[in-house]
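Q: okay, here's the prediction I keep looking at, along with the sequence it came from:
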Amino acid sequence: MTLIVVADRAIGLAYGALGRLDEAAAHNRKAIALKPDYAEAHMNLGNALAGQGKHAEAIRAYERVLALRPSLPEGHYNLANTLAALGRPADAAARYHQALALRPDYAEAHNNLGTVLMAQGNAAEAAERHQRALALKPSLAAAYLNLGNALRAQGKRDEAIGWYRQALARDADNAEAHNNLGAALLAHGEVSEAAACFRRALALKPGLAAASVNLAKVSISLGDLATALATAKRLLDAGDPQAPALFFWCFRDPGSTPFAAAYRAELIRAMAEPWGMPRVLAGTAASLLKAHPAIGPIVEAATIGPGEIATLAADDLLGAHLVSVQVGDAALERLLTAVRRALPETDRAAQDTTLAFACALARQCFINEYVFACTEHETHLIRLLREAVAAALRAQAHIAPFQLATLACYAPLHSVPDARELLAREWPAPVRALLDQQVREPALEAQIRSALPRLTPIEDSVSRAVRAQYEENPYPRWTGTASTAKPQPLAAYLHERFPLAPLTPYDKPTLDYLVAGCGTGQQTAGVLQAFSGVNVTAIDLSLASLSYARRMTDALGLKPVAYGQADILELGSLGRTFDVVDSAGVLHHMAEPLAGWRVLTGLLAPGGIMRIALYSTIARRDITAARRLIAERGWPATPDGIRAARQAILALPDGAPEKTVASLIDFFALSDCRDLLFHAQEHTFGLPAVASFLSENGLEFLGFEVAPHVGRQYAERFPGDAAQTNLDHWNLFEQDNPDTFIATYQFWAQKRAAPVSL
């Protein structure tokens with residue numbers, strides 16, 4: 001009997017060595033059936049099951065081993081490996097520790113304990129474990145790669161590169177080592193060598209998703225959008241969760257336009273689901289629509305009949321665009337204005353087939369806050385329609401869905417008396433979505449508004465004027481957003497974005513994060529989606545903006561935010577400091593921007609991080625010209641005044657500096673246009689002034705947030721500034737490329753301090 005048992009186990013071992021795991025498991029089960037207390041057979045059965053991915057069964061086998069031989073280090077080690085494979089790093093770590101207590105020189109256990117410590121976010125201790133493993137067993141090839149990973153996670157990229165090269169010296173065909181070496185080189189700006197590493201990794205292991213993702217990223221940074229899009233498509237088809245973000249980054253790059261038509265379905269999903277912030281995809285969407293063989297001629301002619309409306313209604317990209325973000329293209333606006341003008345006179349036969357499109361157009365008009373030009377004839381027809389709808393509501397009479405959609409194209413439905421009664425009626429799905437947007441959500445914001453805390457007084461006259469503007473015109477009216485990466489600690493984000501910047505370590509598990517001037521919450525949502533370990537306080541002058549912000553971040557299911565109304569000038573009265581202060585697009589609207597910036601700097605803890613956005617004098621030269629034209633013509637900052645100014649600007653000859661603003665997406669919504677061209681208070685800056693403030697106030701510049709193609713252009717012009725932190729060079733670069741910061745200068749800085757560990 002004993003010989004048979006041993007033979008079955010030996011056969012099981014042989015099959016396991018050959019990779020024939022089913023047969024290995026079967027023979028070890030035979031051995032166990034003949035001798036239930038045969039620990040070695042239980043161990044080998046566990047190994048075969050683990051190799052098959054049957055981790056729950058493997059755990060039972062290893063637990064049986066340890067019940068029979070509790071002091072067997074291999075039993076604890078194998079059980080730990082299986083627990084780690086199941087995503088249970090804490091349980092795995094406990095078992096590795098037990099194995100090491102029994103055998104302190106167990107190099108493999110030290111190495112694998114390091115990997116689970118990495119999974120728990122403890123890169124420093126993980127590195128120590130990998131170093132111990134190599135000291136015990138220099139031939140342990142996996143430990144070289146793992147040590148490189150742990151060091152890279154700590155920002156020690158030079159050391160990581162050395163260990164990756166050692167891993168490849170021992171195993172030149174290690175695809176993971178090639179990929180990770182490429183990632184470390186990319187962080188150092190060695191883009192071409194990094195790309196070669198990713199291609200080598202994929203040649204060795206075509207299914208290595210991480211290398212495909214990295215190749216797509218480096219292709220974007222190199223401007224090779226064709227390769228990036230093709231790689232993103234392969235990843236999407238394979239179900240890789242990072243593919244949507246890659247598509248988003250491709251589509252937002254102007255260089256993607258020649259290739260994007262082949263990925264129209266993905267662009268629709270990117271806008272509708274969404275796969276990022278739809279606002280930045282509007283330009284690509286407009287280009288594809290105008291280039292489409294069926295849509296393009298209609299856009300060019302802007303002549304609308306039932307056939308044209310049917311064609312437009314059938315286009316999924318146009319439909320997704322209409323409900324996601326304002327259309328930021330003058331030709332498309334002209335077309336949609338003509339479509340809207342045709343709706344009141346649409347015959348009943350066509351109403352049923354075009355209802356969904358009419359609702360989508362109404363949602364677009366709400367998003368852009370009815371910025372389209374309107375004739376007196378339309379105004380008259382809509383006045384009659386509004387009266388008819390109001391009368392039907394009073395009489396509890398029938399209201400045709402198409403009537404409601406047509407009215408919503410000209411005025412928000414919540415402005416109709418007793419509009420909330422519409423919510424109690426049965427409607428087709430497109431009308432229900434329209435009512436959610438125009439009745440239910442504004443009612444919810446009114447409820448939120450009454451509960452918002454008032455944190456500081458607002459006494460400054462300019463602050464009051466700015467508050468009044470944003471109470472009337474909250475900006476921007478966004479519809480949704482999604483993270484383009486897994487949330488990560490801010491330090492990891494900054495190391496990845498600015499790998500060579502002079503960033504001082506700032507170790508604190510949870511950061512108190514202030515968004516100073518949060519507006520309607522788009523920036524706050526981005527913070528919560530991008531960064532882990534943050535407690536966010538978000539303040540703004542406008543209760544209307546804050547109400548919108550809370551509704552949106554709550555609807556997205558994001559971590560609760562401490563919203564409150566406050567003036568930056570009065571924030572010192574809160575009596576607290578923050579680890580991060582984030583103020584995008586606010587300071588330049590203050591009476592004395594630098595005074596406001598000093599207040600924010602005073603709120604920043606030593607070693608804390610700051611993100612600031614300021615208007616560029618150079619980049620806004622044409623915007624300044626348009627503002628001057630508006631002042632000369634005397635158009636007021638009212639809806640009618642803004643509409644009149646827009647139409648006059650659109651009528652200017654091509655090449656007129658004032659007309660340049662019509663290429664900006666902010667031009668295509670009422671609140672956005674008011675913010676762009678009619679703001680109550682605006683200052684602009686040059687980079688020498690920014691550099692002086694940073695120096696005088698103890699702030700270390702870390703880097704600009706710019707698109708990849710801008711970073712490429714800067715690197716070509718100033719190859720000696722690998723960190724891209726020389727503001728004198730950036731000043732020269734901007735003078736040669738005056739549209740670089742057309743949105744804002746947006747940059748990160750750190751308050752100088754000794755390293756802290758809190």
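A: Structure received.

Q: and the nearest residue to Leu86 once chain neighbours are set aside, how many residues sit next to it?
A: Sequence neighbours aside, His55 is the residue nearest to Leu86 in space, at 5.1 Å (criterion: Cβ to Cβ, 6 or more residues apart in numbering). Heads up, the C-betas are built off the backbone N, CA and C, glycines and all. Neighbours of His55 under the rule other Cβ atoms under 10 Å: 19.

Q: specify the local secondary structure of the closest residue to Gly585 other than its chain neighbours.
A: Spatial nearest neighbour of Gly585, excluding adjacent residues (Cβ to Cβ, 6+ apart): Ala613 at 4.9 Å. Under DSSP: H, G, I helix; E, B strand; the rest coil, the three-state class of Ala613 is strand.

Q: burial count for Ala613?
A: So Ala613, with other Cβ under 10 Å, has 20 neighbours.

Q: can you check Gln647 too?
A: With other Cβ under 10 Å as criterion, Gln647 counts 11.

Q: quick check, it in contact with Cys374.
A: No: between Gln647 and Cys374 there is no contact under Cβ atoms under 8 Å: 10.5 Å.

Q: now the strand or helix carrying Thr231: average pLDDT?
A: Using DSSP states H and E, Thr231 maps to helix 225-237. The average pLDDT within helix 225-237 is 94.

Q: C-terminal to that helix, what's the next element?
A: Following helix 225-237 toward the C-terminus (DSSP H and E): helix 243-251.

Q: now that following helix: mean pLDDT?
A: Mean predicted confidence for helix 243-251 is 94.

Q: how about residues contacting it?
A: Contact partners of helix 243-251, identified using Cβ atoms under 8 Å, 6 or more residues apart in numbering, comprise 213, 216-217, 220, 225, 228-229, 231-233, 235-236, 256, 260, 263, 266-267, 269-270, 273, 275-276, 281, 284, 482-485, 708.

Q: model confidence at Thr2, what's the number?
A: 44.

Q: ok, back up a step: my guess is the residue nearest to Leu86 contacts Gly87. True?
A: No: judged on Cβ under 8 Å, His55 makes no contact with Gly87 at a distance of 9.8 Å.

Q: mind listing what's buried in stretch 374-385?
A: Cys374, Glu378, Leu381, Ile382, Leu385 (16 or more other Cβ atoms under 10 Å).

Q: domain map for the chain?
A: According to automatic domain parsing, the chain comprises the domains 42-240, 277-449, 468-617+684-757, 621-677.

Q: in stretch 666-681, what counts as buried?
A: 666-680.

Q: so of these, which ones are in helices?
A: When the buried residues of stretch 666-681 are checked against helices (DSSP state H), the matches are Leu670, Ser671, Asp672, Cys673, Arg674, Asp675, Leu676, Leu677.

Q: number of residues surrounding the residue nearest to the second one when sequence neighbours are not counted?
A: It stands for Ser671. Leaving aside its chain neighbours, Ser671 sits nearest to Asn473 (3.6 Å; criterion: Cβ to Cβ, 6+ apart). Each residue near Asn473 was counted by other Cβ under 10 Å, and the total is 24.

Q: same thing with Asp171?
A: Residues near Asp171, counting by other Cβ under 10 Å: 14.

Q: what's the burial count for the closest residue to it other than its chain neighbours?
A: Counting by Cβ to Cβ, 6+ apart, Asp171 lies nearest to Ala141, which is 5.2 Å off, once chain neighbours are set aside. Ala141 has 18 neighbours, counted by other Cβ under 10 Å.

Q: on that earlier part again, what comes up buried for the helix holding Thr231?
A: Those would be Leu225, Thr227, Ala228, Leu229, Ala230, Thr231, Ala232, Lys233, Leu235, Leu236, for helix 225-237 by 16+ other Cβ under 10 Å.

Q: I'd like the distance between the last one and Ala201.
A: As for Leu236, its distance to Ala201 is 20 Å (criterion: Cβ to Cβ, to the nearest Å).

Q: any regions of the protein where pLDDT drops low?
A: Residues of the chain meeting the criterion pLDDT under 70: 1-21, 24-25, 27, 507, 754-758.

Q: all strands of it, in order?
A: Here the chain has its strands, by DSSP state E, at 506-507, 511-516, 534-540, 562-565, 578-584, 604-614, 699-704, 745-751, 756-757.

Q: adjacent strands (with direction) for the second one?
A: Translated: strand 511-516. The strands that strand 511-516 pairs with in its sheet are strand 534-540 (parallel), strand 578-584 (parallel) (by DSSP bridges).

Q: extract the C-alpha trace of it and format it as CSV.
A: C-alpha atoms of strand 511-516 as CSV (Å, rounded to 0.1, in the frame of the first residue of the first chain):
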residue,chain,number,x,y,z
LEU,A,511,-4.7,65.5,3.3
ASP,A,512,-6.9,68.5,4.2
TYR,A,513,-7.7,69.8,0.8
LEU,A,514,-9.2,73.3,0.1
VAL,A,515,-10.8,74.1,-3.2
ALA,A,516,-10.9,77.9,-3.0
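
Q: now the angle between strand 604-614 and that strand, please.
A: In terms of direction (axes from the mean of the first three to the mean of the last three Cα atoms, to 10 degrees), strand 511-516 departs from strand 604-614 by 40 degrees.

Q: how about strand 511-516: buried residues?
A: Quick answer for strand 511-516 (16+ other Cβ under 10 Å): Leu511, Asp512, Tyr513, Leu514, Val515, Ala516.

Q: of those residues, closest to Leu289?
A: Val515 (34.4 Å; Cβ to Cβ).

Q: okay but the closest one is in contact with Asp582, surely?
A: Yes: with contact defined as Cβ under 8 Å, Val515 reaches Asp582; the gap is 5.0 Å.

Q: mind listing the shared neighbours of those two?
A: What both Val515 and Asp582 touch, as defined by Cβ under 8 Å, 6+ apart, is the set Gln523, Val527.

Q: what's near enough to touch the closest residue to Gly162 other than its chain neighbours?
A: Distances taken as Cβ to Cβ, 6+ apart put Gly148 closest to Gly162, at 7.9 Å, once the chain neighbours are dropped. By Cβ under 8 Å, 6+ apart, the contact list for Gly148 reads Glu159, Ala160, Ile161, Gly162, Trp163, Tyr164, Ala167, Ala177, Asn180, Leu181, Ala184.

Q: got a markdown table for those, with neighbour count too?
A: What follows is the contacts of Gly148, written out as a markdown table (neighbours: other Cβ atoms under 10 Å):
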| residue | neighbour count |
| --- | --- |
| Glu159 | 17 |
| Ala160 | 25 |
| Ile161 | 20 |
| Gly162 | 16 |
| Trp163 | 28 |
| Tyr164 | 29 |
| Ala167 | 24 |
| Ala177 | 29 |
| Asn180 | 27 |
| Leu181 | 29 |
| Ala184 | 27 |
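
Q: now for these: which two are most distant?
A: Between all members of the contacts of Gly148, the farthest pair (by Cβ to Cβ) comes out as Glu159 and Ala177, at 14.9 Å.

Q: on that earlier part again, can you lay out the buried residues of stretch 374-385 as JSON lines showing distance to Ala342?
A: Shown next, in JSON lines, are the buried residues of stretch 374-385 (distance: Cβ to Cβ, whole Å):
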{"residue": "Cys374", "distance to Ala342": "13"}
{"residue": "Glu378", "distance to Ala342": "10"}
{"residue": "Leu381", "distance to Ala342": "11"}
{"residue": "Ile382", "distance to Ala342": "13"}
{"residue": "Leu385", "distance to Ala342": "14"}
